[in-house]
Each structure stands twice: as structure tokens, then as C-alpha cells.
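**Student:** the sequence and its predicted three-dimensional model are supplied below.
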Amino acid sequence: MLFLVPLSWLFCLIVHLRRKLYRSGFLKSVRFPVTVIIVGNITVGGSGKTPLVIALTNWLVEQGYRPGIVSRGYGGVASHWPQQVRDDSDPKVVGDEPVLIARHTNAPMAVGPDRVAATQQLLKHHDCDVILADDGLQHYALQRDIEIAVLDGVRRLGNGYCLPAGPLREKEKRLAEVDYVVTNGLAMQKEYAMNLKATEFINLRTAQSIPLETFRNQSCHVIAGIGHPQRFFQYLESLSVHVEAHEFNDHYQYQLQDLEFNDEFPVLMTEKDAVKCKPFATDNMWYVPVKAHLDERFLQNLQSRLKQLATSTIDSA
């Protein structure tokens, strides 16, 4: 790993210079006439952004806002961008996480590598007053009003090095500059905890719901093509499931043969995996939906911030 450290320093330098160029105006950034909330992280790998975006979107609707969502659409193979996303969109085209978000929020959504273009398309076709940018912390071409960084409470910042020697996209000090740090799991001082809770297994083919205790002390094939598969494996082990683990790359595009194990054991997976496996699902395939439970202090603080932004917009009009 030590031989990668010089490359890590170079990566950090490039990231720092790039951000400086945006701040100075040398590189163009765009501001939109609506509130823009960034949800992102400074580490690679899964940290819980998708459940947080879903929870925030639904919370915003409850508060009377009209949120829209933009995202990268990572893993999608669309022939042109941006793409509108609906609950019945093909995850192969627009990406798995966007389809999952659309199904749980019913909010207008556009995806593409260029978040500015995605936002323009969203506002052209929908009457949104808040834009949530999923995984957009380093996309500085899109100006923002609120930044939320998500941390994995177990892995946190890893070895503290930037890519490729470590997991960081930006240096640790970047966390001191965001508005909120939401931690998936145990939160430290000045962080807000987010807990992901599951209550059931759902059959991919029939949508039947069964209790989490169903597979206790049973051998099950468990697949995971997510950023941090060990978290999912360990969670099922905590339910006394005898886990036969099958780890795939994040955003992996499954085919039926990937899930044919030549036995009668149930096949368990995350909901993100299920989005891609549903077209060829069999009766013994089940997924575990999770819901993010957010710190009430975080939501109260965010609500106050949104009201302040609305007031300042009116005053400057």
C-alpha cells in the first residue's frame, strides 16, 4: 500500500486545485432558482446515501415541498443523457439506485453524468422547489445551498488516505465544511445518527411478506452487489441465518445463471440487488427492504435552515 501513497498525495492535490478553480470562477458553476441539497460522501463504497435520499425526499413532501432528485445514474448504459427515471424504468439503462429511489418516493427524477443538465431537464418538466442531488458532493459545477455528508459508522474514514491508497475522495477536513454529517450507525460528536431498519423479507416474484425470523438457523445463499457487502452478510448472521455468502461488484448486472446454486436453499439479497433480479426471479428469492430512521434534531435543524433560505430568497427578490 505504501507505494500508492505518492499517488494519493497527487490525487488530493488535483481535487484541491479543482475545487479552488470552481470557487474562483475559473471553472463554471451554475446556480438554480430553487434550493439545492447535496447528499454525498468523501469515501468510496456504500455508506447509506440511497436510504437517506429516500427518507429526505419523503420528509420534504410531508413538509409541503415539491422535491426533485438528480443523480449520476451509475451503471446505466443509456445512449444519451440525462434520462428521466420512473418506478418502471429499466435499471440497466438508468442505474439500479435511481430506480430504487423512484419506487420509494414517486418524486420526479433525472440522471446523468452532468448534474447541471439533469437539473435543467428536471426543472423544465416539473414544478420542483427543492432539488436533492444524490452523490453530488464533488460535482462542483452544481452550486448548492446545503451539503449533507454521509459516513459509515463502522468503517468511517478507513486508513485516512485519499485514493488510490485509501478510500477518501477528499481530505478529512472537508467534513468540517459541510452543513451536516449523517452517520450510518454510531454517531460521534457533531454528527447525526441514521439507523437503517428492516422488518421483513419480501418475495421477488410474488411480493409475499414474511417475518425476519423466518430463516433463523437455516442455510441461505446471500448475494450482495453493493458498496459494502460485509455489512449485509453480518446483519443476516445477526438474525441467526447460516449465510452462504456470494459477493459481487457494486452495481453488478445479474443474470439468472449467477443465482443458480443447484440446491433448495433460499436466495436472499438487498433491495438494490432485487431491482435487477426481479425479471428472472424464482419463488425462492427474497429481499430485505430497509428504511432510514433519522435523528429528529437533524430534521428540525434542516427545517429551520430551509425556512431561512426561503426567507432570504424572498428578501432578495
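**Tutor:** Structure received.

**Student:** how is this protein divided into domains?
**Tutor:** 22-195+293-310, 199-289 (automatic domain parsing).

**Student:** any chance of those in CSV, plus mean pLDDT, mean neighbour count and distance to Pro6?
**Tutor:** No exception for glycine: its C-beta is placed from N, CA and C like everyone else's. Conversion of those to CSV gives the following (pLDDT from 0 to 100; neighbours: other CB atoms under 10 Å; distance: least, CB to CB, whole Å):
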stretch, mean pLDDT, mean neighbour count, distance to Pro6
domain 22-195+293-310, 94, 19, 9
domain 199-289, 95, 17, 26
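
**Student:** in contact with Leu163, which residues?
**Tutor:** Ser8, Phe11, Val44, Arg169 (CB atoms under 8 Å, 6 or more residues apart in numbering).

**Student:** so for the second one, what's the pLDDT?
**Tutor:** Looking back up the chat, that one is Phe11. According to the prediction, Phe11 has pLDDT 92.

**Student:** related to what we said a few turns ago, mind checking which of the domains of the chain is nearest Leu2?
**Tutor:** domain 22-195+293-310 (7.9 Å; CB to CB).

**Student:** sorry, back to before: so which of the domains of the chain gets nearest Phe3?
**Tutor:** If you check each of the domains of the chain against Phe3 by CB to CB, domain 22-195+293-310 wins as the nearest, at 8.6 Å.

**Student:** follow-up on the earlier one: any chance of the contacts of Leu163 in a markdown table, with secondary structure and distance to Leu204 too?
**Tutor:** Listed next are those as a markdown table, based on DSSP: H, G, I helix; E, B strand; the rest coil; distance: CB to CB, whole Å:
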| residue | secondary structure | distance to Leu204 |
| --- | --- | --- |
| Ser8 | helix | 41 |
| Phe11 | helix | 40 |
| Val44 | coil | 28 |
| Arg169 | coil | 33 |
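
**Student:** farthest-apart pair in those residues, please.
**Tutor:** Ser8 and Val44, at 12.7 Å, using CB to CB across the contacts of Leu163.

**Student:** list the contacts for the residue lying closest to Asn203 once chain neighbours are set aside?
**Tutor:** Spatial nearest neighbour of Asn203, chain neighbours left out: Trp286 (5.6 Å); criterion: CB to CB, 6 or more residues apart in numbering. By CB under 8 Å, 6+ apart, the contact set of Trp286 is Phe201, Ile202, Asn203, Leu204, Ile210, Pro266, Val267, Leu268, Met269.

**Student:** now secondary structure too, for those, in JSON lines please.
**Tutor:** Below are those laid out as JSON lines (DSSP: H, G, I helix; E, B strand; the rest coil):
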{"residue": "Phe201", "secondary structure": "strand"}
{"residue": "Ile202", "secondary structure": "strand"}
{"residue": "Asn203", "secondary structure": "strand"}
{"residue": "Leu204", "secondary structure": "coil"}
{"residue": "Ile210", "secondary structure": "strand"}
{"residue": "Pro266", "secondary structure": "coil"}
{"residue": "Val267", "secondary structure": "strand"}
{"residue": "Leu268", "secondary structure": "strand"}
{"residue": "Met269", "secondary structure": "strand"}
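
**Student:** of the contacts of Leu163, closest to Glu147?
**Tutor:** Nearest to Glu147 among the contacts of Leu163: Arg169, at 13.6 Å, using CB to CB.

**Student:** returning to what we had before: how would you label the residue nearest to Asn203: helix, strand or coil?
**Tutor:** What three-state DSSP gives for Trp286 is strand.

**Student:** strands of the stretch 151-300 of the chain, residue ranges please.
**Tutor:** With DSSP state E, counting those that start in this stretch as the criterion, the stretch 151-300 of the chain has strands at 180-184, 192-197, 200-203, 209-211, 219-224, 242-247, 267-270, 285-288, 291-294.

**Student:** in CSV, list the ones you listed along with distance to Val94.
**Tutor:** Shown next, in CSV, are those (distance: least, CB to CB, whole Å):
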stretch, distance to Val94
strand 180-184, 25
strand 192-197, 24
strand 200-203, 22
strand 209-211, 27
strand 219-224, 21
strand 242-247, 24
strand 267-270, 18
strand 285-288, 19
strand 291-294, 22
